[in-house]
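**Student:** Mind folding the following:
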Amino acid sequence: MDQLANFSLGVITWLMNFYSSTFFAVIKFIIGIYTVIVFADILLLLYQRGLSVDIKEARLGMNIPHELVRKKAKNKLRQKWENIKKRLETGEESQYKIAIIEADNLIDDLIKRMAYPGADMAERIENINPGQIENIEDIKKAHLVRNRIVHDESFAVTKEQAQEVLSIYEEFLKYHEVVE
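**Tutor:** Residues are numbered from 1 along each chain as shown. Modelled structure (predicted):
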(Lines give C-alpha, C1' and ligand atoms only; values in the text may rest on other atoms or scores of the structure.)
Protein backbone atom coordinates (compact mmCIF):
# COMPACT_ATOMS: atom_id res chain seq x y z
CA MET A 1 0.00 0.00 0.00
CA ASP A 2 2.93 2.29 0.79
CA GLN A 3 4.31 1.73 -2.69
CA LEU A 4 1.02 2.80 -4.28
CA ALA A 5 0.88 5.91 -2.10
CA ASN A 6 4.50 6.75 -2.87
CA PHE A 7 3.91 6.19 -6.60
CA SER A 8 0.80 8.40 -6.54
CA LEU A 9 2.65 11.08 -4.62
CA GLY A 10 5.54 10.86 -7.08
CA VAL A 11 3.21 11.23 -10.08
CA ILE A 12 1.45 14.20 -8.49
CA THR A 13 4.79 15.84 -7.67
CA TRP A 14 6.04 15.26 -11.22
CA LEU A 15 2.80 16.76 -12.70
CA MET A 16 3.04 19.82 -10.45
CA ASN A 17 6.69 20.32 -11.42
CA PHE A 18 5.79 19.90 -15.11
CA TYR A 19 2.88 22.34 -14.76
CA SER A 20 5.19 25.00 -13.32
CA SER A 21 8.05 24.30 -15.75
CA THR A 22 9.28 26.61 -18.50
CA PHE A 23 8.54 23.93 -21.10
CA PHE A 24 4.84 23.85 -20.15
CA ALA A 25 4.72 27.69 -20.17
CA VAL A 26 6.02 27.64 -23.75
CA ILE A 27 3.39 25.04 -24.72
CA LYS A 28 0.64 27.19 -23.14
CA PHE A 29 1.92 30.24 -25.02
CA ILE A 30 1.97 28.42 -28.37
CA ILE A 31 -1.52 26.99 -27.79
CA GLY A 32 -2.74 30.48 -26.87
CA ILE A 33 -1.38 31.96 -30.11
CA TYR A 34 -2.88 29.06 -32.08
CA THR A 35 -6.28 29.64 -30.43
CA VAL A 36 -6.22 33.33 -31.35
CA ILE A 37 -5.32 32.48 -34.97
CA VAL A 38 -8.07 29.86 -35.23
CA PHE A 39 -10.61 32.30 -33.77
CA ALA A 40 -9.52 35.01 -36.25
CA ASP A 41 -9.79 32.50 -39.12
CA ILE A 42 -13.32 31.57 -38.06
CA LEU A 43 -14.33 35.23 -37.97
CA LEU A 44 -12.80 35.89 -41.40
CA LEU A 45 -14.54 32.85 -42.90
CA LEU A 46 -17.88 33.93 -41.43
CA TYR A 47 -17.38 37.43 -42.81
CA GLN A 48 -16.39 36.08 -46.22
CA ARG A 49 -19.40 33.76 -46.27
CA GLY A 50 -21.69 36.66 -45.52
CA LEU A 51 -22.56 36.44 -41.85
CA SER A 52 -24.62 39.63 -42.14
CA VAL A 53 -26.90 37.80 -44.58
CA ASP A 54 -27.41 34.97 -42.10
CA ILE A 55 -28.15 37.37 -39.27
CA LYS A 56 -30.62 39.35 -41.36
CA GLU A 57 -32.31 36.15 -42.56
CA ALA A 58 -32.63 34.93 -38.98
CA ARG A 59 -34.02 38.28 -37.85
CA LEU A 60 -36.57 38.50 -40.66
CA GLY A 61 -37.21 34.76 -40.89
CA MET A 62 -36.84 34.54 -44.66
CA ASN A 63 -34.34 34.19 -47.46
CA ILE A 64 -32.76 37.48 -48.41
CA PRO A 65 -31.67 38.14 -52.01
CA HIS A 66 -28.10 39.37 -52.20
CA GLU A 67 -29.33 42.67 -53.69
CA LEU A 68 -30.80 43.51 -50.30
CA VAL A 69 -27.67 42.73 -48.33
CA ARG A 70 -24.42 43.13 -50.24
CA LYS A 71 -23.26 46.67 -50.91
CA LYS A 72 -22.21 46.17 -54.54
CA ALA A 73 -25.49 44.45 -55.41
CA LYS A 74 -27.43 47.17 -53.57
CA ASN A 75 -25.71 49.78 -55.72
CA LYS A 76 -26.83 48.01 -58.91
CA LEU A 77 -30.37 47.73 -57.58
CA ARG A 78 -30.28 51.40 -56.54
CA GLN A 79 -29.20 52.32 -60.10
CA LYS A 80 -32.09 50.31 -61.58
CA TRP A 81 -34.45 52.10 -59.23
CA GLU A 82 -33.10 55.52 -60.23
CA ASN A 83 -33.59 54.63 -63.91
CA ILE A 84 -37.20 53.69 -63.18
CA LYS A 85 -37.79 56.97 -61.35
CA LYS A 86 -36.28 58.95 -64.25
CA ARG A 87 -39.19 57.81 -66.41
CA LEU A 88 -41.45 60.12 -64.38
CA GLU A 89 -39.44 63.12 -65.57
CA THR A 90 -40.42 62.61 -69.22
CA GLY A 91 -43.95 63.97 -68.83
CA GLU A 92 -45.36 61.09 -70.93
CA GLU A 93 -48.14 58.87 -69.64
CA SER A 94 -46.68 55.84 -71.42
CA GLN A 95 -43.43 56.30 -69.48
CA TYR A 96 -45.39 56.52 -66.21
CA LYS A 97 -46.99 53.19 -67.02
CA ILE A 98 -43.66 51.61 -67.93
CA ALA A 99 -42.14 52.92 -64.69
CA ILE A 100 -44.93 51.31 -62.64
CA ILE A 101 -44.61 48.01 -64.51
CA GLU A 102 -40.81 47.97 -64.14
CA ALA A 103 -41.01 48.84 -60.44
CA ASP A 104 -43.57 46.10 -59.90
CA ASN A 105 -41.34 43.59 -61.72
CA LEU A 106 -38.34 44.66 -59.64
CA ILE A 107 -40.17 44.18 -56.35
CA ASP A 108 -41.77 40.94 -57.58
CA ASP A 109 -38.33 39.53 -58.42
CA LEU A 110 -37.09 40.34 -54.92
CA ILE A 111 -40.18 38.87 -53.25
CA LYS A 112 -39.91 35.75 -55.41
CA ARG A 113 -36.29 35.25 -54.34
CA MET A 114 -37.33 35.65 -50.71
CA ALA A 115 -38.93 32.22 -51.32
CA TYR A 116 -42.55 33.23 -50.92
CA PRO A 117 -44.72 30.68 -52.73
CA GLY A 118 -46.91 31.56 -55.68
CA ALA A 119 -47.03 31.42 -59.45
CA ASP A 120 -47.12 35.22 -59.85
CA MET A 121 -46.81 38.34 -57.75
CA ALA A 122 -50.49 38.42 -56.83
CA GLU A 123 -50.26 34.93 -55.33
CA ARG A 124 -46.96 35.67 -53.63
CA ILE A 125 -48.17 38.83 -51.91
CA GLU A 126 -51.32 37.05 -50.78
CA ASN A 127 -49.08 34.47 -49.04
CA ILE A 128 -47.24 37.19 -47.11
CA ASN A 129 -48.42 37.97 -43.60
CA PRO A 130 -48.58 41.69 -42.71
CA GLY A 131 -45.81 41.24 -40.12
CA GLN A 132 -43.35 39.76 -42.62
CA ILE A 133 -43.12 42.72 -44.97
CA GLU A 134 -43.91 46.05 -43.41
CA ASN A 135 -45.97 47.73 -46.17
CA ILE A 136 -47.46 44.63 -47.82
CA GLU A 137 -50.99 46.07 -47.89
CA ASP A 138 -49.74 49.09 -49.84
CA ILE A 139 -47.79 46.82 -52.18
CA LYS A 140 -51.02 44.92 -52.88
CA LYS A 141 -52.71 48.20 -53.83
CA ALA A 142 -49.79 49.24 -56.03
CA HIS A 143 -49.85 45.85 -57.75
CA LEU A 144 -53.54 46.34 -58.51
CA VAL A 145 -52.64 49.57 -60.31
CA ARG A 146 -50.03 47.66 -62.31
CA ASN A 147 -52.64 45.03 -63.22
CA ARG A 148 -55.06 47.71 -64.40
CA ILE A 149 -52.32 49.19 -66.61
CA VAL A 150 -51.55 45.80 -68.14
CA HIS A 151 -55.12 44.58 -68.59
CA ASP A 152 -57.01 47.81 -69.36
CA GLU A 153 -55.64 49.80 -72.31
CA SER A 154 -57.86 52.76 -71.51
CA PHE A 155 -56.61 53.07 -67.92
CA ALA A 156 -55.02 56.50 -67.56
CA VAL A 157 -52.17 57.25 -65.18
CA THR A 158 -51.23 60.72 -64.01
CA LYS A 159 -47.79 61.70 -62.83
CA GLU A 160 -49.12 61.99 -59.26
CA GLN A 161 -50.56 58.46 -59.39
CA ALA A 162 -47.30 57.10 -60.75
CA GLN A 163 -45.34 58.90 -58.04
CA GLU A 164 -47.67 57.49 -55.38
CA VAL A 165 -47.26 53.92 -56.67
CA LEU A 166 -43.49 54.27 -56.95
CA SER A 167 -43.31 55.70 -53.43
CA ILE A 168 -44.97 52.50 -52.16
CA TYR A 169 -42.36 50.36 -53.86
CA GLU A 170 -39.65 52.76 -52.70
CA GLU A 171 -40.81 52.27 -49.11
CA PHE A 172 -40.12 48.54 -49.52
CA LEU A 173 -36.61 49.36 -50.79
CA LYS A 174 -36.05 51.82 -47.93
CA TYR A 175 -37.03 49.18 -45.40
CA HIS A 176 -34.34 46.92 -46.87
CA GLU A 177 -31.88 49.86 -46.92
CA VAL A 178 -31.45 49.90 -50.71
CA VAL A 179 -32.43 53.57 -50.99
CA GLU A 180 -32.31 56.34 -48.40
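**Student:** per the record, what domains does this protein have?
**Tutor:** The chain is divided into the following domains under automatic domain parsing: 2-49, 64-175.
**Student:** for the longest one, the distance to its chain's centre please.
**Tutor:** Distance, stretch centre to chain centre, for domain 64-175: 18 Å (CA atoms, centre = their mean, to the nearest Å).
**Student:** For it, give the mean pLDDT please.
**Tutor:** For domain 64-175, mean pLDDT is 86.
**Student:** please renumber so the chain begins at 21
**Tutor:** Fine by me, first position is 21 from now on; the one you just mentioned is domain 84-195.
**Student:** Mind naming the longest helix for this protein?
**Tutor:** Ranked by residue count, the top helix of the chain under DSSP state H comes out as helix 42-69.
**Student:** Distance from it to the middle of the chain?
**Tutor:** Taking CA atoms, centre = their mean, one finds helix 42-69 lying 30 Å from the centre of the chain it belongs to.
**Student:** and that helix, average pLDDT?
**Tutor:** For helix 42-69, the mean per-residue pLDDT is 88.
**Student:** just checking, what packs against it?
**Tutor:** Taking 3 or more CB pairs under 8 Å, 6 or more residues apart in numbering; DSSP states H and E as the contact definition, helix 42-69 has no neighbouring helices or strands. For glycine as for every other residue, the C-beta is placed from the backbone atoms N, C-alpha and C.
**Student:** Distance check, the nearest residue to residue 189 once chain neighbours are set aside against residue 100.
**Tutor:** Sequence neighbours aside, residue 123 is the residue nearest to residue 189 in space, at 4.5 Å (criterion: CB to CB, 6 or more residues apart in numbering). If you measure residue 123 against residue 100 using CB to CB, to the nearest Å, the figure is 9 Å.
**Student:** Which one's more surrounded, those two?
**Tutor:** Neighbour tally, residue 123 and residue 100, criterion other CB atoms under 10 Å: the higher count belongs to residue 123, 25 against 15.
**Student:** Which residues are in contact with that one?
**Tutor:** By CB atoms under 8 Å, 6 or more residues apart in numbering, the residues touching residue 123 are 101, 104, 162, 185, 186, 189.
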